[in-house]
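Participant: sequence first, then the predicted structure, then my questions.
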Amino acid sequence: MGIRKNLTYIIKKILLPLRKAGVTDEENYYTYLFTKNPNWNKTEPNAEEKERWEIIKEFIQICKVKISNPQILDLGCGRGWLTHLLSKYGPTVGVEPVEAVVRYAQKLFPELQISHGTTTSLLSDGLADKFDIIVCSEVIEHIAYKRKPQFISQIERLTKKNGHVIITTPRKEAQALWSANTDPSQPIEDWLTEKDLQALFEENGFKKKELRRISVNQEGHENMIEIYQLWLFQKNL
């Protein structure tokens, strides 16, 4: 069942059970989502994740034109499905801030390098200028607005010269329309407009290479909603 065809299914079967289970704080929310919810706790990507992966994969191919075996970081890797797919393109590290989710990911993918951590801990571990490609998928919207500049600055420090960063996140331009008919109930939902996201990365020494969008159908609306923005940035010399 594709996300384009039945968004109502995803809302009712994936997001609302979290509210019913009484899950409200951030750590418990993501522990429940990635370890207990059957739509988000499998080794294989679900329909929504598959759609994002198709574009991420295209971006990876662009990055690999000049780098044959890139060092890759999956930042905010959750249960590790994306880390697993990225590992086919080069040595890949998955990092996740919720310890219970890390333990679950390690059980799902014992062959992968998945660990507990953040951008701050990675830098403390001496990994500045370590990664050719950093993928941060559906994470930045859960970073509070006041912390986003520091978060992106730390991503820049982790990225090698000429390295690339792939970002996927919802579009604030569509948030009002989207939220009117959904109940995501996630702990932090600080979405960015495309203009603001691009500005934050350019202020930290990146240039835009690609921008794609994913549109979905939402019940009650005739037109598709361009809900997701997917970026490929490159760190300037």
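Facilitator: On my side now, so go ahead.

Participant: any stretches of the chain with poor pLDDT?
Facilitator: Within the chain, the stretches with pLDDT under 70 are 1-24, 181-188, 218-222, 237.

Participant: in it, which spans are helices?
Facilitator: According to DSSP state H, the chain carries its helices in the segments 7-10, 16-20, 26-35, 47-63, 81-86, 99-108, 119-124, 148-158, 175-179, 194-203.

Participant: list the buried residues in the last one.
Facilitator: For helix 194-203, the neighbour count (16 or more other Cβ atoms under 10 Å) marks 194, 197, 198, 200, 201 as buried. For glycine as for every other residue, the C-beta is placed from the backbone atoms N, C-alpha and C.

Participant: who's in contact with the third one?
Facilitator: Just to be clear, that refers to residue 198. Listed by Cβ atoms under 8 Å, 6 or more residues apart in numbering, the contact set of residue 198 reads 208, 231.

Participant: tell me who's in contact with residue 45.
Facilitator: Neighbouring residues of residue 45 by Cβ under 8 Å, 6+ apart: 53, 81, 82, 85.

Participant: and the last one, how far is that from residue 160?
Facilitator: Read that as residue 85. To residue 160, residue 85 is 21 Å away according to Cβ to Cβ, to the nearest Å.

Participant: not counting sequence-adjacent ones, nearest residue to the residue nearest to the spatial centre of the chain?
Facilitator: Of all residues in the chain, the one closest to the mean position by Cα atoms, centre = their mean is residue 137, 1.3 Å from it. Leaving out its chain neighbours, the residue that sits closest to residue 137 by Cβ to Cβ, 6 or more residues apart in numbering is residue 168, at 4.5 Å.

Participant: can I assume that neighbour is in contact with residue 230?
Facilitator: Yes - counting by Cβ atoms under 8 Å, residue 168 touches residue 230, with 4.7 Å between them.

Participant: which neighbours do the two share?
Facilitator: Any residue near both residue 168 and residue 230 by Cβ under 8 Å, 6+ apart counts here, and that gives 52, 55, 56.
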